[in-house]
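Chemist: Pasted the sequence and its predicted model underneath.
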Amino acid sequence: MADCLIIIPTYNEILNIEAIIRKSLSLSENFNILVVDDNSPDGTAAKVKELQIEYKDRIFILEREGKLGLGTAYIAGFNWALSKHYDYIFEMDADFSHNPEDLVRLYHACSIDGADLAIGSRYISGVNVVNWPIGRVIMSYYASSYVRFVSGMKVMDTTAGFKCYRRKVLETIDFDRIRFKGYAFQIEMKFTAYKYKFNIVEVPIIFTDRKRGKSKMSGGIFNEALWGVIFMKWKSFFRSYKLTEK
């Protein structure tokens, strides 16, 4: 059985899902894929099931009743991955903003170089973003700076959603205490791993905005991050982050 699982949350990704799956499963490492679909009306889940026939025992799907939030999609995927005893669990978008070829680099950062959490980082070696309007680039970059200032994390790309976790990180984090459901979920997961003193590294990537399909970003996402980060930091003063043996 493969020891690597890529979790891909989807909502209306019929234009991208087949290509991202085929590319990911063509890589040199033996990756499996779990799609967590939030009842996409465009047939995303049906396409995944069609591909399951071709890629037997390499593609899996969790179907949910509706749009329940990015964070809950990943937590459902994490719990599934842990129950199936995967050692390396990845987060990746379906829209090719994350280059699947970088999965191998993230995997090696953990499996060979010893990272507990490897982040595909847009900002660790300058600003590596393609096809975003300059306003969005500036907002994203300074959002990360703001999160870094408030949280104390030494992470350049605090909002990144392209990651590889060692199993022990996800076993340690109590998902019931993860408050954020939207994109700020990415910040909270990194912050929690940081507080537990896991070894976090950033692997430079080039982020390319989606070419097909519709972005799920909204103003509410940034409001969640703006005010939620302060609350997250405040709550951390009243929590223990002591590792226990499992």
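Modeler: The structure has been received and is ready for your questions.
Chemist: Give me the sheet partners of the helix or strand harbouring Leu5 and which way each runs.
Modeler: Assigned by DSSP states H and E, Leu5 belongs to strand 4-10. In the sheet, strand 4-10 lines up against strand 31-37 (parallel), strand 88-91 (parallel) (DSSP bridges).
Chemist: which element follows it toward the C-terminus?
Modeler: That would be, after strand 4-10 and using DSSP H and E, helix 17-25.
Chemist: Can I get that following helix in PDB? Just the C-alpha atoms.
Modeler: Output of helix 17-25 as PDB, limited to C-alpha atoms (Å, rounded to 0.1, in the frame of the first residue of the first chain):
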ATOM      1  CA  ILE A  17     -10.400  17.100 -11.700                       C
ATOM      2  CA  GLU A  18      -9.500  14.500 -14.400                       C
ATOM      3  CA  ALA A  19      -6.300  16.300 -15.400                       C
ATOM      4  CA  ILE A  20      -5.100  16.900 -11.900                       C
ATOM      5  CA  ILE A  21      -5.700  13.300 -10.900                       C
ATOM      6  CA  ARG A  22      -4.000  11.900 -14.000                       C
ATOM      7  CA  LYS A  23      -1.000  14.100 -13.600                       C
ATOM      8  CA  SER A  24      -0.600  13.300  -9.900                       C
ATOM      9  CA  LEU A  25      -0.800   9.600 -10.400                       C
END
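Chemist: Tabulate the strands paired with strand 4-10 (CSV), appending distance to Tyr141.
Modeler: Using the backbone N, CA and C atoms, a C-beta is placed for each residue, glycine as well. Putting the strands paired with strand 4-10 into CSV (distance: least, C-beta to C-beta, whole Å) gives the following:
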stretch, distance to Tyr141
strand 31-37, 29
strand 88-91, 21
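Chemist: Between the two ends of stretch 170-185, how far is it?
Modeler: In stretch 170-185, first residue to last residue: 14 Å (C-alpha to C-alpha, to the nearest Å).
Chemist: Residues contacting that stretch, please?
Modeler: Stretch 170-185 is contacted by residues 68-72, 74-75, 78-79, 81-82, 89, 159, 161, 187-189, 192-193, 196, 198, 217, 220-221, 224-225, 228-229, 231-232, 235, 239, 243, 246 when judged by C-beta atoms under 8 Å, 6 or more residues apart in numbering.
Chemist: Check which residues of that stretch are buried.
Modeler: By 16 or more other C-beta atoms under 10 Å, the buried positions in stretch 170-185 come out as Leu170, Thr172, Ile173, Phe175, Ile178, Phe180, Lys181, Gly182, Tyr183, Ala184, Phe185.
Chemist: what's the closest non-adjacent residue to Pro204?
Modeler: Leaving aside its sequence neighbours, Pro204 sits nearest to Ser125 (C-beta to C-beta, 6 or more residues apart in numbering; 4.2 Å).
Chemist: Make sure the one you found is indeed in a helix.
Modeler: No. Using DSSP: H, G, I helix; E, B strand; the rest coil, the assignment for Ser125 is coil, not a helix.
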